[in-house]
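J.: Pasting the sequence and the predicted model now:
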Amino acid sequence: MLRVISALFISCLAFSLPALSASAPSRIVVAGGSLTEIVYALGSGSAVVGVDQTTTYPPETQTVAKVSHWQQLNVDGMLSLQPSLVMTWQDAQPQAALDQLRQAGAQSRVVA
């Protein structure tokens with residue numbers, strides 16, 4: 001059952017990523033270990049420039065900048081990587097950091 005739910009989630013994410021912009025994001029920051037795994041599974045790992053501290057897989061993420069923890073978002077660290085897309089969980093914290101990231105919309109798009 002878990003595999004079916006995971007497959008459905010990945011499929012939905014795969015179809016929603018192209019809809020975010022006309023071109024694929026060139027610089028992605030992901031705050032959430034399982035979100036990072038999904039981005040890599042979809043073949044967009046080469047665009048990942050930053051991940052959070054909970055990310056341990058795939059092994060390629062060990063050489064990517066660690067920017068924060070998804071429960072303690074560091075806006076300055078994330079924006080210093082000049083992302084074109086920031087992905088995190090809807091309940092990431094603090095809420096003020098999510099708001100700041102959304103306000104920086106000229107620099108990045110936040111999917112939460």
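T.: Sure, I can see it. Numbering: from 1, shown residues only.
J.: Local confidence estimate at residue 50?
T.: Residue 50 carries a pLDDT score of 96 in this model.
J.: repeat for residue 79
T.: In the prediction, the pLDDT value recorded for residue 79 is 91.
J.: Then the one 4 residues further on?
T.: For residue 83, the model assigns a pLDDT of 90.
J.: For residue 27, see how far away it is.
T.: If you measure residue 83 against residue 27 using Cβ to Cβ, to the nearest Å, the figure is 5 Å. Using the backbone N, CA and C atoms, a C-beta is placed for each residue, glycine as well.
J.: now do residue 78
T.: Taking Cβ to Cβ as the measure, residue 78 falls 11 Å from residue 27.
J.: swap in residue 90?
T.: Residue 90 sits 22 Å away from residue 27 when distances are taken as Cβ to Cβ.
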